[in-house]
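K.L.:
Quick one, structure for this:
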Amino acid sequence: RRRGGPSTYYAYRDEFPDRPATALALAVLAGDLAAFLSVRVLLTGGLPPARALAMAAVHADAGATTVTGQILDLERDFHPAPDAELLHTVTEYKSTRYSVLAPLRLGLLAAGADLAPYDGELRAYAGALGIANQIHDDWLDLFGDPAALGKTPGSDVRSGRRSYALAA
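P.N.:
Numbering: from 1, shown residues only. Predicted coordinates for the structure are as follows:
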C-alpha cells in the first residue's frame, strides 16, 4: 500500500485473496497495458510527428530506466548495506529519471523547446530532488503515520530493504 491507498497489486490481492500469484500477474499486466497505451496516446494525439516521436523516445527511455532501477533496487537487498553511491544510482534509475527528469523533458518538448540547452540543469535538479524524495520516503517508513502510509512504520527495514536510513 502506498500513501493510504491500495497499489494495483493490493487491489487485485483484495479481489482475489486466495490467488496471490494471479493478483501479482494482473498487477504487472495492468502496468504494462498502461505503459503501452500511454505511448499510443503520444503517437496518435495530433502532435507534429517529430515532437511526438521525441516525446515517445523520452517516455520509452524513462520506462526502461525505471525497470533497470527496479532490478537494481531488488538486487541491492541481497548484499551488505550499500554505500551512498549505489543508493544514488538506484534512486536515479528507479525514480529520478521517471518521476522528475522525464516529466520536465516532456513538458519542454510539449512546449516545442529544444532539450539540449537545458539538459545539465534538468539533470542536476532532478538528481537532487530524486534523492531528497527517496530520503523522505525512507524517513516516512521509519516515522510515518500508519494510517496515511497504509503500512506499519519500519516495515521496509524489517523486510531487509537497504535504504538511505541504513546507510546514514
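
K.L.:
Show me what the helix-or-strand element of the chain with minimal mean pLDDT is in contact with.
P.N.:
Sorting the helices and strands of the chain by mean pLDDT, DSSP states H and E puts helix 164-167 at the bottom, at a mean of 74. Residues from elsewhere that reach helix 164-167 (Cβ atoms under 8 Å, 6 or more residues apart in numbering): 81-84, 87, 134-135, 138-139, 141-142, 157. Any C-beta I mention is one placed from the backbone N, CA and C, and that applies to glycine too.

K.L.:
Local confidence estimate at Asp138?
P.N.:
Asp138 is assigned a pLDDT of 87 by the prediction.

K.L.:
That one and Ser155 touch, don't they?
P.N.:
No. With contact defined as Cβ atoms under 8 Å, Asp138 does not count as touching Ser155 (11.9 Å).

K.L.:
Between the two, which is the more surrounded one?
P.N.:
Asp138 (20 against 14; other Cβ atoms under 10 Å).

K.L.:
Just the buried positions in the least confident helix or strand of the chain, please.
P.N.:
For helix 164-167, burial by neighbour count (16 or more other Cβ atoms under 10 Å) applies to 164-165.

K.L.:
now do stretch 120-140
P.N.:
For stretch 120-140, the neighbour count (16+ other Cβ under 10 Å) marks 122-123, 126-127, 129-131, 134-135, 137-138, 140 as buried.

K.L.:
One more: stretch 16-27?
P.N.:
For stretch 16-27, by 16+ other Cβ under 10 Å, it's 23, 26-27.

K.L.:
a markdown table for those residues, including pLDDT, distance to Asp114 and secondary structure?
P.N.:
Converted to a markdown table, those look like this (pLDDT from 0 to 100; distance: Cβ to Cβ, whole Å; DSSP: H, G, I helix; E, B strand; the rest coil):
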| residue | pLDDT | distance to Asp114 | secondary structure |
| --- | --- | --- | --- |
| Ala23 | 93 | 44 | helix |
| Leu26 | 96 | 41 | helix |
| Ala27 | 93 | 38 | helix |
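
K.L.:
The residue nearest in space to the middle of the chain - nearest residue in space that isn't next to it in sequence?
P.N.:
The chain has Ser95 as the residue nearest its centroid, 3.9 Å off, counting by Cα atoms, centre = their mean. Nearest residue to Ser95, sequence neighbours excluded (Cβ to Cβ, 6 or more residues apart in numbering): Gly130, at 5.5 Å.

K.L.:
per-residue pLDDT, that neighbour?
P.N.:
Note on Gly130: pLDDT of 93.
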